[in-house]
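[1] after the sequence you'll find the predicted model.
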Amino acid sequence: MSALDALVRLQRWQLDERRRELGDLDQLAHKLRQEAERLDLDRNGHAVERGQRIAQSLAAIEQQIALAREALGGAYQELKRSEMAAASRILQQRRAAPRQQQRAGDETSPPTYQRRRRQR
């Protein structure tokens, strides 16, 4: 495994972690919204205070979700950049293989050619 392959693997793992973080935050926001809707039905003194705390928590979670989405986008871009570099390297290696084989053949060809020429 080359260093570039290891980098791609690491970045895939980081991308998956960012996706999990975003999913967890979305779930938490969904639960807070459900709790806020339930409290709207119960309208007593404690429910109002609790509703305000939930609204504050929901606002903070929404900010975290926005940051997590930005981090996810950045991780995705880094992964794609590394995958393109890895694909480019593979293409270069495939193009270089025939040339290397030709060079190896060229190194052995002159003596063979010279022997055949002398035999004539």
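    Cool, got the structure.

[2] leaving aside the residues adjacent along the chain, what's closest to R50?
    Nearest residue to R50, sequence neighbours excluded (Cβ to Cβ, 6 or more residues apart in numbering): L39, at 5.8 Å. Heads up, the C-betas are built off the backbone N, CA and C, glycines and all.

[3] so what secondary structure elements neighbour the longest helix seen in the chain?
    Taking DSSP state H as the criterion, the chain has its longest helix at helix 45-119. The elements that helix 45-119 packs onto, with contact taken as 3 or more Cβ pairs under 8 Å, 6 or more residues apart in numbering; DSSP states H and E, are helix 3-42.

[4] now the helix it packs on and helix 45-119, what's the angle there?
    Orientation check (axes from the mean of the first three to the mean of the last three Cα atoms, to 10 degrees): helix 3-42 against helix 45-119 gives 160 degrees.

[5] what's helix 3-42 packed up against?
    helix 45-119.

[6] could I get the average pLDDT for the helix it packs on?
    Throughout helix 45-119, pLDDT has a mean value of 83.
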